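**Student:** pasting the sequence and the predicted model now:
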Amino acid sequence: MIYIKDISIVDGVSEIPYKGDIVIDMGKIVKIGKGLDVDFKNAITINGKGLHILPGLVDMHCHLREPGYEYKEDIESGTKSAAAGGFTSISAMANTNPPIDNGGMVNFIKSRAKEVGIVKVYPIATITKGLQGKEITEIGELYEAGAVALSDDGMPVKDSNVMKLALQYSRMFNMLIISHCEDLDLAADGVMNEGYMSTILGLKGINRAAEEIGIARDIILAKHYKTHIHIAHVSTSGSVELIRQAKHEGIPITCETAPHYFSATDEWVDGYDTNTKVNPPLRTVDDVEAIKKGLMDGTIDVIATDHAPHHMDEKNIEYNLAAFGISGFETAFSLAYTNLVEQGIFNLSTLVEKMSSKPANILGIDGGKIKEGCIADMTIVDLNREYIVDVDNFYSKGKNNPFNGKKLKGQVLYTIVDGKIVYEKGKIV
Amino acid sequence: MALRRKDILGLRDLSLEEIDEILNTAELMKYILTQNNKRTPHLQGKSIVTLFYENSTRTRLSFELASKYMGASAANVSTPSSSVAKGETLLDTGRTIESMGADVIIIRHPMSGAPHLLAKHVDASIINAGDGMNEHPTQALLDMYTIKEKLGRLNDIKVAIIGDIMHSRVARSNIWGLRAVGAQVYLAGPQTLMPLDIEKTGAVVCTTVEEAIEGADVVMGLRIQKERQREGLIPSIREYAHLFGIDKERIELASPNLIIMHPGPVNRGIEMTSEVIDSPASVINEQVTNGVAIRMALLYLLTRRRMVA
């Protein structure tokens, strides 16, 4: 039994946080109220004074790297990192080695997560066999095995006909397709955003057009085949505009962005810090503003981490050779709080919507609410606490994070999964 | 006595004061170069290593001679660029060289930012001898030295740089350096080889080569790599020569005191006609001489920093 007293509750429904006590027992929220009568002898008590409790954060886009790339991350270290970031449920991308493209692999992820995972892991399976972009996977089997969505993330499904077939076939199971949008011919071997910074740094650019052409195609497919597509990692102002327009026309599109797309720009690449190398690349100030606006007006539904851990040896090399990706679990909440809520883009309730209720809703999984009778997946944060990011303290094996050394506000103190404290003030429990 | 930095990575981060000091020091070095006895003790007891991941004749030789004229121990490591992606990492190689006592490592690398990476991780001074499409600071310094020597000034002159601007580290370094000293820089080349937003550096992008050359005090041709045609960036070398080749007619649009420059090696008849290369206005050979003087100056200034410290 856990008794959390005198805490500000952001319940995922109400616009304004309210003060109260919460009692958790048998994995569930049993009581919310004030001055509750609790048998303190059997309860762990958390004094919530000055703190906020949120529905457990939900990340619908991360890479746990197992199987195949355990030297970068595995399900154990990845879920610890997620817990340290306040996430109680995460959905892991399928571009492992071998990729998650059959029921057996889905079961492998589920059973490994049960064995060593400390937060809930929902597997995403591939759209195409072997991530080859040619033939669609056995989506029926993947569905039955428990995959929550389909994505070839890391690679776009280049062939529009294959994408169409996947949309039609997945509809039978109401399986969500998450699309990595990128025109590979246009992106070619670019390593950063194409613009003034790529020009003066002499690095090959990836034009915004590469992302926007991919998104435009998927919007058109979603429109004509009347099937929901979720667009992964939106990074440009043009993408936001395309999606805004599509939503306006009633096309079934949702999308996500990642914290680095509203917290950093391509100017950060100056000095060739390979921790700034990510795909899609960090864009410009104008794009950052457009992403914030898209989050504010609801064009962007979700903030997902795109947690992409890599080994030091894959980053401590020439910029051109370094791997794409940011290890993002452990800075996501603070970046969102610092750069969105503190900047007045929206309030804490909307942040909870983007990082918990909405992704849970899109994936069709539990979560996103604090309510009596609900599963007790919750995150307690101290919004007043400022701290300096130190990647050496990450639970993730991936220390690749460009916000290292930066001061952020709003720190995760506790993560509670199924009524159990799994993370408490810097320590995995 | 402005130069106090450990490394020379690019002209973008050099101050006007530092550029002046390097150019002034090079003047003294050039005097030494013209003497019968070219030996000076400036670098006695110093160890200089050139680490080249790309083929080069003139730049490497220029550094090597600069080191030797000043009495340093000079050694050279050449690694084909194909082995960059595999085998030993850049940092491991750099640390190995440093462990053998190198005071200065001169690096050329096909990837932008490689010298910056090395500079962050070793105590030896790093000189960038060309990194990818980023910078080639010693080339731009020798170009500026040559211009100043020939025209007597660097400010209020018009410099036209013609060719593959996108892939050119020489162009980028010259833009930074020349803009810093107050020169006007005009660029011309195929639009597919013109990098996005380059005009934000203060350089002027021209649509025709004539526009760039008109009234120019300096015309600088860049080497066009034949592989740009294979990559589809230009339809043909022939069309390039037709549209952008620097020939006698185009040169006549320039200022009467024009000097013609090229970082070399030149593709005769492609980016420049032989007539232009061998004309009295051409200072291509002086550029090479001045290259040694500039590199002597830099090696001296960087190793002196260590003594002062």
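**Tutor:** Everything's here; your move. Residues are numbered from 1 along each chain as shown, chains lettered A, B, ... in the order given.
**Student:** give me the element the residue in the stretch 251-400 of chain A positioned nearest to chain B is part of.
**Tutor:** Scanning the stretch 251-400 of chain A for proximity to chain B using CB to the nearest CB identifies A:Tyr272 as nearest, at 3.3 Å. Bear in mind the C-beta positions are built from the backbone N, C-alpha and C, glycine included. Assessed by DSSP states H and E, A:Tyr272 sits outside every helix and strand.
**Student:** so which bits of stretch A:166-174 are buried?
**Tutor:** Buried residues in stretch A:166-174, counting neighbours by 16 or more other CB atoms under 10 Å in any protein chain shown, are found at A:166-167, A:169-170.
**Student:** and what of stretch A:20-40?
**Tutor:** Quick answer for stretch A:20-40 (16+ other CB under 10 Å): A:20-25, A:29-32, A:38.
**Student:** mean confidence for that stretch?
**Tutor:** Averaging pLDDT along stretch A:20-40 gives 89.
**Student:** do the same with stretch B:4-24
**Tutor:** 96.
**Student:** quick one: terminal-to-terminal distance for it?
**Tutor:** Its first and final residues considered, stretch B:4-24 spans 16 Å by CA to CA, to the nearest Å.
**Student:** what about that stretch and chain A, any contact?
**Tutor:** Yes. Against chain A, stretch B:4-24 shows contacts by CB under 8 Å from any CB of the partner chain at B:Arg12.
**Student:** circling back: closest to B:Arg238 out of the buried residues of stretch A:166-174?
**Tutor:** A:Ala166 (46.4 Å; CB to CB).
**Student:** wait, that closest one sits on A:Leu150?
**Tutor:** Yes. In terms of CB atoms under 8 Å, A:Ala166 counts as a neighbour of A:Leu150; the distance is 6.8 Å.
**Student:** now for these two: what residues contact both?
**Tutor:** A:127, A:139, A:177 (CB atoms under 8 Å, 6 or more residues apart in numbering or on different chains).
**Student:** now do the residue nearest to the residue of the stretch 251-400 of chain A closest to chain B when sequence neighbours are not counted, the pLDDT please.
**Tutor:** Counting by CB to CB, 6 or more residues apart in numbering or on different chains, A:Tyr272 lies nearest to B:Gly113, which is 3.3 Å off, once chain neighbours are set aside. Reported pLDDT at B:Gly113 in the predicted model: 98.
**Student:** per-domain residue ranges of chain A.
**Tutor:** Following automatic domain parsing, one gets these domains for chain A: A:2-53+A:374-428, A:57-363.
**Student:** make JSON lines out of those and add distance to B:Leu253.
**Tutor:** Converted to JSON lines, the domains of chain A look like this (distance: least, CB to CB, whole Å):
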{"stretch": "domain A:2-53+A:374-428", "distance to B:Leu253": "48"}
{"stretch": "domain A:57-363", "distance to B:Leu253": "27"}
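**Student:** nearest to B:Asn285, out of those?
**Tutor:** domain A:57-363 (28.0 Å).
**Student:** centre of the chain to that closest one, how far?
**Tutor:** 7 Å (CA atoms, centre = their mean, to the nearest Å).
**Student:** endpoint to endpoint, it covers what distance?
**Tutor:** Using CA to CA, the end-to-end distance of domain A:57-363 comes to 13 Å.
**Student:** list the contacts of the closest residue to A:Lys129 other than its chain neighbours.
**Tutor:** Leaving aside its chain neighbours, A:Lys129 sits nearest to A:Glu135 (5.0 Å; criterion: CB to CB, 6+ apart). Neighbouring residues of A:Glu135 by CB under 8 Å, 6+ apart: A:128-129, A:162.
**Student:** distance check, A:Glu135 against B:Met272.
**Tutor:** To B:Met272, A:Glu135 is 54 Å away according to CB to CB, to the nearest Å.
**Student:** same question for B:Lys226.
**Tutor:** Applying CB to CB, the value for B:Lys226 to B:Met272 is 15 Å.
**Student:** and if you look at B:Lys248?
**Tutor:** According to CB to CB, B:Lys248 and B:Met272 sit 10 Å apart.
**Student:** more neighbours, these two?
**Tutor:** B:Met272 (28 against 10; other CB atoms under 10 Å in any protein chain shown).
**Student:** my guess is the more buried one meets B:Arg250, correct?
**Tutor:** No. If you go by CB under 8 Å, B:Met272 and B:Arg250 don't touch, sitting 10.0 Å apart.
**Student:** what about B:Leu141, neighbour count?
**Tutor:** Neighbour tally, B:Leu141, other CB under 10 Å: 27.
**Student:** state the pLDDT value of it.
**Tutor:** For B:Leu141, pLDDT reads 98.
**Student:** highest average neighbour count across the domains of chain A?
**Tutor:** domain A:57-363 (a mean of 22; mean count of other CB atoms under 10 Å in any protein chain shown).
**Student:** so what touches the one helix or strand A:Glu212 maps to?
**Tutor:** For A:Glu212, the host element (DSSP H and E) is helix A:208-224. Contact with helix A:208-224 is made by A:156, A:160, A:163-164, A:167, A:179-184, A:186-187, A:190, A:193-194, A:227-229, A:231, A:234-239, A:242-243, A:246, A:249, A:251-253, A:280, A:283, A:287, as judged by CB under 8 Å, 6+ apart.
**Student:** A:Asn393 - nearest residue in space that isn't next to it in sequence?
**Tutor:** A:Gly426 (7.2 Å).
**Student:** quick one: the one you found from chain B, how far?
**Tutor:** 29 Å (CB to the nearest CB, to the nearest Å).
**Student:** helix or strand with the lowest mean pLDDT in chain B?
**Tutor:** helix B:227-230 (a mean of 87; mean pLDDT, DSSP states H and E).
**Student:** flag every buried residue along it.
**Tutor:** B:228-229.
**Student:** which ones among the contacts of helix A:208-224 come in contact with chain B?
**Tutor:** Contacts with chain B are made by A:Glu194 out of these, judged by CB under 8 Å from any CB.
**Student:** so which of the contacts of helix A:208-224 are in helices?
**Tutor:** A:160, A:163-164, A:167, A:184, A:186-187, A:237-239, A:242-243, A:246, A:287 (DSSP state H).
**Student:** could I get those as JSON lines with pLDDT?
**Tutor:** As requested, the ones in helices among the contacts of helix A:208-224 are arranged in JSON lines below (pLDDT from 0 to 100):
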{"residue": "A:Ser160", "pLDDT": "98"}
{"residue": "A:Met163", "pLDDT": "98"}
{"residue": "A:Lys164", "pLDDT": "98"}
{"residue": "A:Leu167", "pLDDT": "98"}
{"residue": "A:Leu184", "pLDDT": "97"}
{"residue": "A:Leu186", "pLDDT": "97"}
{"residue": "A:Ala187", "pLDDT": "96"}
{"residue": "A:Ser237", "pLDDT": "98"}
{"residue": "A:Gly238", "pLDDT": "98"}
{"residue": "A:Ser239", "pLDDT": "98"}
{"residue": "A:Leu242", "pLDDT": "98"}
{"residue": "A:Ile243", "pLDDT": "98"}
{"residue": "A:Ala246", "pLDDT": "98"}
{"residue": "A:Asp287", "pLDDT": "98"}
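**Student:** residue ranges of each domain in chain B, please.
**Tutor:** Using automatic domain parsing, chain B is parsed into the domains B:16-136+B:288-308, B:138-283.
**Student:** looking at those domains, which one has the lowest mean pLDDT?
**Tutor:** Looking over the domains of chain B, mean pLDDT reaches its minimum on domain B:16-136+B:288-308, with a mean of 92.
**Student:** nice, that's everything, thank you.
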